[in-house]
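Student: Sequence and predicted model, in that order:
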Amino acid sequence: MFDIGFTELLLVAVVALVVLGPERLPKAARFAGLWVRRARAQWYSVKSELERELAADELKRSLHDARTAASDLHRTMQETEAEVQAKVRAAEAEARREIESLRREVTGGPDAASSPPAILTTDAADYVSPAQGSDAGQGVETPSPASEGTPAGAVADAAQPVPGAATPAHHGNSNDADGDDGRQR
């Protein structure tokens, strides 16, 4: 701090000894030490207070920077969300147009789009194709409830007589239990 060397300190000590004398020199040295300690303590207090304020300012700046970055990130996310939603809507509209053009292509023309679409159903009575229009059920073979689940063309119930088919002959046995094939059970 002050550029004081050993020779300057020795000179100050000799002058103090001559001026104060040997009786008051120890008290003066203690008093000077007390003031030097107080000055150092005050200096360290000011220094630590200044460092705390600088740290607080730095913390406030970093908090402000973090908030700014968070708001920028939030804004960017909102913009990205809006872009993604717009792209999804555009893709959805394109898919709907493509489906509609395929539906027109399959049904056979632009006027077919005005007719109701064909509804897939498992019940033949409810089936209406776009080509049939209001003639619902015509030309569609409705399966009977007994033949539900049997392959097409298969006989649903063997006990029901089929018109024009020969009936099995009984062998004259009156003890026939079930009456369908002539065997006794």
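Tutor: Looks like it came in fine. Just so it is clear, the model here is predicted, and its values are computed rather than measured.

Student: going forward, measure contacts between C-alpha atoms and count neighbours the same way
Tutor: Will do.

Student: Which parts of this protein are helices?
Tutor: 6-107 (DSSP state H).

Student: Can you list the low-confidence ranges for it?
Tutor: 1-2, 109-185 (pLDDT under 70).

Student: if you set the cut-off to 90 instead, what comes out?
Tutor: 1-26, 28-29, 32, 107-185 (pLDDT under 90).

Student: so who does H74 touch?
Tutor: Remark: with contacts taken as C-alpha atoms under 8 Å, 6 or more residues apart in numbering, H74 is in contact with nothing.

Student: and it, how far is that from E105?
Tutor: 46 Å (C-alpha to C-alpha, to the nearest Å).

Student: Same check on R38?
Tutor: Note on R38: its distance to E105, by C-alpha to C-alpha, is 99 Å.

Student: try V18
Tutor: On the measure of C-alpha to C-alpha, V18 and E105 end up 122 Å apart.

Student: And L17, by the same measure?
Tutor: Using C-alpha to C-alpha, L17 is found at 119 Å from E105.

Student: Same check on P26?
Tutor: Taken as C-alpha to C-alpha, the span from P26 to E105 is 116 Å.

Student: same question, G5
Tutor: 105 Å.

Student: So for the two, which sits in the more crowded spot?
Tutor: Applying other C-alpha atoms under 10 Å to G5 and E105 shows that E105 carries more neighbours, namely 13 against 8.

Student: From A13, how far out is T7?
Tutor: 10 Å.
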